[in-house]
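K.L.:
how does the following fold in three dimensions:
(chains A, B and C)
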Amino acid sequence: MPPLETTIDPITKAKTTAVNGSLIEARGISKHFGDLHVLDNIDFALSPSEVVCVIGPSGSGKSTLLRCLAFLEPYDDGNVYIHGQLLGYEQRGGMRIRASEKAIDRVRAPLGMVFQHFHLWPHRTALQNVTEALRLVQGLSRREADREGMAMLKRVGLFDRAHHYPASLSGGQKQRVAIARALAMKPEVMLFDEPTSALDPELVGEVLAVMKQLASDGMTMAIVTHEMGFAANVADRVVFMDEGRIVESGKPETLFRRPASERLSQFLNTWRERALT
Amino acid sequence: MFDFQLLFEMRGLILQGLWNTVWICFLGCLVALGLGLVLASLRLSSPRLVGPLVATYIELCRGIPLLVILFLLYYGGPSIGLRLSAEIAGLVGIGLYGAGYFAEIYRGGFLSIPQGQLEAARMLGISRLNILRRIQIPQMLQLIVPPSTNQLIILVKESALLSVISVDDLTKNATAMVNETFAVIEPYITVALLYWLIIETIARGGYALEKRLAQRSRMPTPSSSDTAGATHATS
Amino acid sequence: MFEILIDNYPVLLRGLTFTLIVSLSAIALGMLLGMTLAFALTSRFATVRWLAGGYRSFWRGTPILLQLLLVYYLLPEFGLNIPPLPAAILTLTLNTAAFQSEIFRSGIAHIPQGQIEAARMVGMHHWDIRRRIVVPQVFRLTLPPLTNEVITILKNSSLISVISVTELMRTSEQIASRTFQPLETYLVAALLYLAVNLLLARISAYLERHMKGGLAAE
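P.N.:
Predicted coordinates:
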């Protein structure tokens, strides 16, 4: 095993002990495919109204971390708690076994997720994408669901696109519908997995604007992103990952101005060079 | 040259053949469609136990000629106490044989839906059954109609083999007419046209269903996504 | 069941050989005709397209057993007395050519137009482009559907037993009527067909893996 990174963030460390204050908390989670450690003993926590951006080179495990927090990927070791409840597994007779789908759904109900490739359902209109879960999961009547859905679309600025099918929406509009779809279930935490990476550059702004608004409304958010400007402006905390570990984490101004590790300064340099050209 | 008088005299044989081909194919295809769905869901839902068995079954269907399956059922069946009439053996044969092909078609339909769409649904807490009902089936239905239509047509054509195990279908009765009247062209051409008519009906039906499904969900069909997208954008 | 196999393996082997000879010669001949038809289907001349389309409709739209009976009983009407074996090969060839033409047509459509324009720009002749640029790629592009067609023809070859060509199916019938063990005999036949078809699928998968290099991945 390679030597531990020199900087271990004091904030993350503090968080690992403060279980009760966290909405979502990962303690020592690992995930490997064969010999490859995609996640290596990660601690991560989100307090209410906190906005955390996760950055790092591709393949650093940041998307996997987010997917493990939602149990879309099962993690191998460690624990993920949501409101203090273990996600994905249960203890039975000293053994850890995978929880039932129902139990998983119940524990992760406070989470909403937005994906890089939107994953809208193509056979449903924008409005129907938003109302589907309201009707199926919350059992709202069609009228109630439609009213709620329209309110959500209004919030992301797509009131006038409600009856369009995904195929006739731009990438930015699709992603905003996906955000509205997740918001409709009134999540306490929103997870964003590279929400702007699949978008044309001119469409990135509209999605980031919606996310910024959400942040200022007090939503708790974890965002895997390559948008350094957004991270610097909006995040309360930035986490830098590389090779399956958290290398550094802290306030954005500290992290971006005075990176403590060699790897982060390298990463930021590469990014700056690319931004300039 | 084409003797219509002769056809008129032989109308009994032609109609009997047509009727037998139609009802046996219809019921056989129903069995194939239903059993195929069961096989496909078994294969996808329990990959450890039943999955490989179903996969083997599908390989058998694809690797063994229908004629051999029919002979096994009709001539081989009695040695294990399975006495089927030729018609029922034909019906069962088409059903068992077609099911393997339909299972693959359905599986392709299920797998064509991006995993992410299902993850998005899971994250919203939508149950497995509702995901199947509201997200998977509506989308895959459109995708599987064209290959299913194709497979139905193949089964109807293969049903001509039933004549070999002495079912009085179109092909068998055509040969009977040839033997009786020594005219070759009229019986075979007429029967070929009747097969073509059945197949054309299935093809048209499949096409109409495909269009109706596309219209109902108003989702752009895979082949015309650009044009359909454009119409929505301007509406 | 194994008794049947052991007692009769020389005749079964002979039947299997016939099955293979008939199927493979039909596939090879059908390939030539099918490729020609594919070009005819995309011809500049409407009449050629129309004729090729009519041919394809008939041979794809009627049962192959019926086609076999037509060829076998109709040709003598025109004074062409044709023995069962050539009649069988002829029918399977004419049938598979129609299916292969459609496979090749779609394969040709998948070759990037830019390649053909590039060839034209360096002054290659119409037929040279087809021969040296299009045809070699079409085979690689269409290998999976072609394999399916080979397997289909192999399975369909069982029905030429009806006009008493002693291939595998006919041989099995003879064994079954001699031994009074139809179940066991036809199971052996099923296994032999299955073995050949699985082998074909394997070979095709191997070829597909090893021909990827140098193919226009578009």
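
K.L.:
toward the C-terminus, what is the element adjacent to the longest helix seen in chain C?
P.N.:
Across chain C, the longest stretch assigned as helix under DSSP state H is helix C:9-41. Beyond helix C:9-41 on the C-terminal side, the first helix or strand identified by DSSP states H and E is helix C:46-61.

K.L.:
now the helix or strand just after that next one against helix C:46-61, angle please.
P.N.:
Per DSSP H and E, helix C:46-61 leads on to helix C:64-74 as the next helix or strand towards the C-terminus. For helix C:64-74 against helix C:46-61, the angle by axes from the mean of the first three to the mean of the last three C-alpha atoms, to 10 degrees is 110 degrees.

K.L.:
list the buried ones in helix C:64-74?
P.N.:
Burial within helix C:64-74, assessed by neighbour count using 16 or more other C-beta atoms under 10 Å in any protein chain shown, is assigned to C:Ile64, C:Leu65, C:Leu66, C:Gln67, C:Leu68, C:Leu69, C:Leu70, C:Val71, C:Tyr72, C:Tyr73. Using the backbone N, CA and C atoms, a C-beta is placed for each residue, glycine as well.

K.L.:
was I right about the fourth one contacting C:Arg60?
P.N.:
No - between C:Gln67 and C:Arg60 there is no contact under C-beta atoms under 8 Å: 10.4 Å.

K.L.:
residues shared between the contacts of these two?
P.N.:
Listed as contacting both C:Gln67 and C:Arg60 by C-beta atoms under 8 Å, 6 or more residues apart in numbering or on different chains is no residue at all.

K.L.:
adjacent strands (with direction) for the helix or strand containing A:Val52?
P.N.:
Per DSSP H and E: A:Val52 is located in strand A:51-55. Its sheet considered, strand A:51-55 pairs with strand A:220-224 (parallel), strand A:237-242 (parallel) by DSSP bridges.

K.L.:
quick one, which of those is nearest to B:Ile14?
P.N.:
strand A:220-224 (69.5 Å; C-beta to C-beta).

K.L.:
now the closest one - C-alpha only, PDB.
P.N.:
Output in PDB follows, covering the C-alpha atoms of strand A:220-224 (Å, rounded to 0.1, in the frame of the first residue of the first chain):
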ATOM      1  CA  THR A 220     -27.600  20.200   1.100                       C
ATOM      2  CA  MET A 221     -25.600  19.200  -2.000                       C
ATOM      3  CA  ALA A 222     -22.700  17.000  -3.000                       C
ATOM      4  CA  ILE A 223     -21.500  17.800  -6.500                       C
ATOM      5  CA  VAL A 224     -18.900  15.900  -8.500                       C
END
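
K.L.:
how far does it sit from the chain's center?
P.N.:
4 Å (C-alpha atoms, centre = their mean, to the nearest Å).

K.L.:
and the average pLDDT for it is what?
P.N.:
Per-residue pLDDT over strand A:220-224 has a mean of 95.

K.L.:
give me the below-cutoff pLDDT ranges for the chain.
P.N.:
Using chain A. A:1-20, A:277 (pLDDT under 70).

K.L.:
try again with chain B
P.N.:
B:1, B:46-47, B:216-235.

K.L.:
all helices for it, in order.
P.N.:
Here chain B has its helices, by DSSP H, at B:4-9, B:11-45, B:50-63, B:66-71, B:86-111, B:115-123, B:128-130, B:137-158, B:170-181, B:185-217, B:225-234.

K.L.:
make a markdown table out of these and add mean neighbour count.
P.N.:
Formatted as a markdown table, these follow (neighbours: other C-beta atoms under 10 Å in any protein chain shown):
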| stretch | mean neighbour count |
| --- | --- |
| helix B:4-9 | 12 |
| helix B:11-45 | 18 |
| helix B:50-63 | 17 |
| helix B:66-71 | 26 |
| helix B:86-111 | 22 |
| helix B:115-123 | 20 |
| helix B:128-130 | 14 |
| helix B:137-158 | 20 |
| helix B:170-181 | 21 |
| helix B:185-217 | 17 |
| helix B:225-234 | 13 |
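
K.L.:
dump these to CSV, plus distance to C:Thr47.
P.N.:
As requested, those are exported to CSV (distance: least, C-beta to C-beta, whole Å):
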stretch, distance to C:Thr47
helix B:4-9, 30
helix B:11-45, 34
helix B:50-63, 39
helix B:66-71, 37
helix B:86-111, 37
helix B:115-123, 48
helix B:128-130, 56
helix B:137-158, 28
helix B:170-181, 32
helix B:185-217, 22
helix B:225-234, 31
